[in-house]
Structure formats: structure tokens, C-alpha cells
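> Would you be able to build a 3D model of this:
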Amino acid sequence: MNFRVLRALLKKEYLQIFRDKVMLRQMLMMPFIQLLLLSSAATFEVKTARMYLVDNDHSETSRGLVEHLRASGRFVVVGASPSMEPANDALLSRDAGMILGIPHDFERDIVRTKSAKVQLIYNAEDGALAGVTNSYAQQIISAYARDLGASLRPMVAESPSIDIRTRGWYNQALDYKDYMIPGILVQLLTIIGTLLTAMNIVREKELGTLDQLNVTPIPRSAFISAKLIPLWTIALVELAIGLTVARFVFDVPMRGSLLLVFFAASLYLVVALAIGLWISTAVDTQQQAMFSSFFLIMIYLLMSGLFTPVRSMPTWAQWIAEVNPVKHIIVIMRAVLLKGAGIADIARPLTILAVSGAIVLSLAVRQYAKTSR
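Purely as a prediction, here's the structure:
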């Protein structure tokens, strides 16, 4: 690649972007408007919750409690251990959404003192989801206590009670903004990376400058790089602005490394920019590019876990969501910002983004080269 040519083209692209005052205002105002309007626009439904079991009693009564939770259809046991350490790891890795802790002498306390304790620990990064799950669990455990009282009526005069101690990790206040805002930041990156890339290149088609550039000795790699790099850098600046607003306006916690957040966002933007480039090869006008981009972006967002938990989707939709890059970057953003996850904890979604970026960018560049001949 001729870096002198690339430098000249980059200068031309930046000047072109900053001369378009309307587009520049939209790019700078969009994060503030969307953060303020969309951070409260979400509702959630819980179909099944993944429960990790720490049963230290191993009695018939404790097994009955677990069975009542499972029989409700709301809870699925995904693991069990005698200690909390594996359960904590499952909560951090999102393999489980709730821990049920049953202490020693659970059955003995029920019989002798008519009262026993259990502990429920939730992954509360999604405060609304944790609140609904806790409500389901409370109702089922209370109903089990009443049924238990009926079965033990000859031995106890009063119905026993089960004292439920709850804790929410990663978002103890159950503030839904802590959960939504990292996802909305991803939405901003997606719009800049995909929509603006597609429209920027298609505009060259409409003006006729793309055909002129194709007959010049300028390498296609330099032209494509000059088109993608400015939007890549602007998107990262937008992310910095959005994180600043999230921290100082909405008080969103940032427990993990911001460098890791920007690294993951950089990989994700490669995928988003490549998809925008691919769209530009398939359309001829900016209007077509806009409709195509919004069509893909809507699918991305609705199947990413931003509004509806992926685990609550049908199985076929969960498989489709696995190839959705938006889903993986949202998982990374929430894990790093809310949980303080390190690179080892997000290795899987990070790898998926890196592989997706390499594949999608290669296909988009090849398609562009084919259509520009």
C-alpha cells in the first residue's frame, strides 16, 4: 500500500466530512439524544432462569424445594456444587443467572423452629430481569412453605416459613439504566459503522467520483482504507463521548478496563464497517443504502439481547443470535463495565468478533473489487 497516497486520501476524507455541517451535527448530537431518549425504553419477559444449586443440606425437604422451582417451568438447574466458588464463576460467565443456596440443617430448622433460611443471589446487571426472576422465586418458595406445612401438620402446629435472603451482584440497586446504556452505546457504534459507511461510499457512486477513482492508479486498498478509517476513528470518539455521558450523567459503573472496552469496540467496528462496505456494493443510491442498513440494524438490535434476553427467545432464534456480532459486543460491554470482567472472561465473544471481522471484511473487499471493475 502506498502510504503517501493513503495520507492524501485521508486528508481529503476528513475535510469532506467536516465540510458537511449537517452530517457532522447529526454525528455529534446523536449520542446525547439517543442516550437520553432510549435509555428508559425497554421491557423484559422472563421465560426460564438458569439456576445454580448449592445444597448443603441434601435432605428430602431441600430436594423438594428445588423440585418445586424446576416444576414451575421458570427455573432450570444448570449446575450444582457444595461450595460457592463454582457458583460465583457461573454467575460471572453468565452460565447461570441465579444461585440458590440451601444451608446445613435446613430440614431440621423447618421441623424444630418452623423457620429456615435460603439465599438467592442474582446476576443483577440486568436489574429488571433480576427483579422479575426474584418475584417468581419468592412466590414459588412461599407456596412450597405452605405445602410443606400441610404435609407436616401432625408434627408442627403452625405452617413453617422460609426466610429468603436475596442479593444482587453487579447491580445491587437494580437500576435498569446500568444495564441498558452499554447496549445503547453499541447501537450508536452500529449506526456509524454500518449506516454511514454504506451511505458515504454510495454517495461517491451518485456523484460519479467512484467511477473516476476506479480508472486512476490509486490502489483499491488505499481507497477502501481511506473510506473506512475516518468513520472508525469517529465511532471510537463517539464511544468516548457516550461513556463520559454514561458515567457523569447516569452514574453507570465502570468496574473493568476501558482499554479493553475500546479494544473490543475496535474489533466490532471492523465487522460493522465491512457490512456497510458490503451494502454499498449492493445498492446504487443513498436511499437504498439507508433502507438496507436500517433493515439489518433492526434485526441486529432485536436479536442481540439489548431489549429481550436471548435465553428467552426460541431455540432457532438463539442460534441466529450466535452469528449476530451485536450480541457479542453487548455481552462484552456489560461484562467489562458492570462486572469488571477481564480478557479471559470475555475470550469467547472477543474471538468471535475477531474471526467475524476478518471473514466479513475479506468478503466485502472482494465483493467491492468485483463490482467496481
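> switch to C-alpha atoms for all contacts and neighbour counts from now on
OK.
> For the lengthiest helix in the chain, name the packing helices and strands.
The single longest helix within the chain, with elements called by DSSP state H, is helix 220-248. The helices and strands touching helix 220-248, judged by 3 or more Cα pairs under 8 Å, 6 or more residues apart in numbering; DSSP states H and E, are helix 3-19, helix 21-38, helix 176-190, helix 197-207, helix 258-282.
> Let me know which of those helices is the nearest to residue 55.
When the helices and strands packed on helix 220-248 are ranked by proximity to residue 55, the top entry is helix 176-190, at 30.0 Å, counting by Cα to Cα.
> Quick check: which of the helices and strands packed on helix 220-248 is nearest to residue 366?
Ranking the helices and strands packed on helix 220-248 by proximity to residue 366 (Cα to Cα) places helix 258-282 first, at 9.3 Å.
> and that closest one with helix 197-207, angle?
In this structure, helix 258-282 runs at an angle of 40 degrees to helix 197-207, with axes from the mean of the first three to the mean of the last three Cα atoms, to 10 degrees as the basis.
> Identify the residues contacting helix 258-282?
Contacting residues not belonging to helix 258-282 are listed as 189-190, 193-199, 201-202, 228, 232, 235-236, 289, 292-293, 325, 329, 332-333, 336-337, 342-343, 350, 353-354, 356-358, 360-361, 363-365, 367-368, 371 [Cα atoms under 8 Å, 6 or more residues apart in numbering].
> Can you select the buried ones among the residues you listed for me in ChimeraX?
This is how ChimeraX selects the buried members of these, with burial counted by 16 or more other Cα atoms under 10 Å:
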select :189,190,193,194,195,196,197,198,199,201,202,228,232,235,236,289,292,293,325,329,332,333,336,337,343,350,353,354,356,357,360,361,363,364,365,367,368
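> What is the neighbour count of residue 53?
When neighbours are defined as other Cα atoms under 10 Å, residue 53 has 23 of them.
> Was I right to think it contacts residue 100?
Yes. Between residue 53 and residue 100 there is a contact under Cα atoms under 8 Å: 5.1 Å.
> what sits against the residue nearest in space to the middle of the chain?
With distances taken as Cα atoms, centre = their mean, residue 330 lies nearest the centre of the chain, 2.4 Å away. Counting by Cα under 8 Å, 6+ apart, residue 330 touches 182-183, 186, 304-306.
> Show the buried residues in the residues you listed.
Here, 16+ other Cα under 10 Å leaves 182-183, 186, 304-306 buried among those.
> Please convert the residues you listed to TSV, extending it with distance to residue 77.
As requested, the buried ones among the contacts of residue 330 are arranged in TSV below (distance: Cα to Cα, whole Å):
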residue	distance to residue 77
182	29
183	28
186	31
304	24
305	22
306	24
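> I'd like to know which of those is nearest to residue 119.
residue 305 (27.4 Å).
> how close does the closest one sit to residue 338?
In this structure, residue 305 and residue 338 are separated by 16 Å, where distance is defined by Cα to Cα, to the nearest Å.
> With residue 273 instead?
With distances taken as Cα to Cα, residue 273 is found 27 Å from residue 338.
> So for the two, which residue has more residues nearby?
A side-by-side neighbour count of residue 273 and residue 338, using other Cα under 10 Å, places residue 273 first with 30 against 23.
> Distance of that one relative to residue 225?
Computed with Cα to Cα, the distance linking residue 273 and residue 225 is 11 Å.
> can you check residue 94 too?
On the measure of Cα to Cα, residue 94 and residue 225 end up 37 Å apart.
> Next: residue 98.
From residue 98 across to residue 225, the span is 46 Å (Cα to Cα).
> Among those two, which residue is more densely surrounded?
Residue environment comparison for residue 98 versus residue 225 gives the larger neighbour count to residue 98, 31 against 15, counting by other Cα under 10 Å.
> residue contacts, that one?
Contact analysis of residue 98 by Cα under 8 Å, 6+ apart lists 49-52, 91, 120-123.
> again with residue 81
In this structure, residue 81 makes contact with 53-55, 87, judged by Cα under 8 Å, 6+ apart.
> before we move on, what about residue 51?
75-79, 96-100.
> List buried residues within these.
Under a neighbour-count criterion of 16+ other Cα under 10 Å, the subset of those counted as buried comprises 75-77, 79, 96-100.
> Model confidence for residue 202, exactly?
Residue-level confidence at residue 202 comes out at 82, pLDDT.
> sorry, that was for residue 233
You'll see residue 233 listed with a pLDDT of 92.
> measure it to residue 262 for me?
As defined by Cα to Cα, residue 233 lies at a distance of 11 Å from residue 262.
> quick one, helices of the stretch 251-373 of the chain?
The residue ranges that make up the helices of the stretch 251-373 of the chain, judged by DSSP state H, counting those that start in this stretch, are 258-282, 286-302, 315-322, 325-334, 347-371.
> Which of those helices has the highest mean neighbour count?
helix 325-334 (a mean of 25; mean count of other Cα atoms under 10 Å).
> quick one: that helix to chain centroid distance?
Going by Cα atoms, centre = their mean, to the nearest Å, the spacing between the C-alpha centre of helix 325-334 and its chain's C-alpha centre is 4 Å.
> what's the angle from it to helix 315-322?
For helix 325-334 and helix 315-322, the angle between their directions (the same axes, to 10 degrees) works out to 70 degrees.
> Residue 320: what's it in contact with?
The neighbours of residue 320, taking Cα under 8 Å, 6+ apart as the test, are residue 303.
> ok, residue 99 - contacts?
Residues 51-54, 87, 91, 119-122 are the ones in contact with residue 99 under the rule Cα under 8 Å, 6+ apart.
> If anything else comes up later, I'll come back, but that's it for now.
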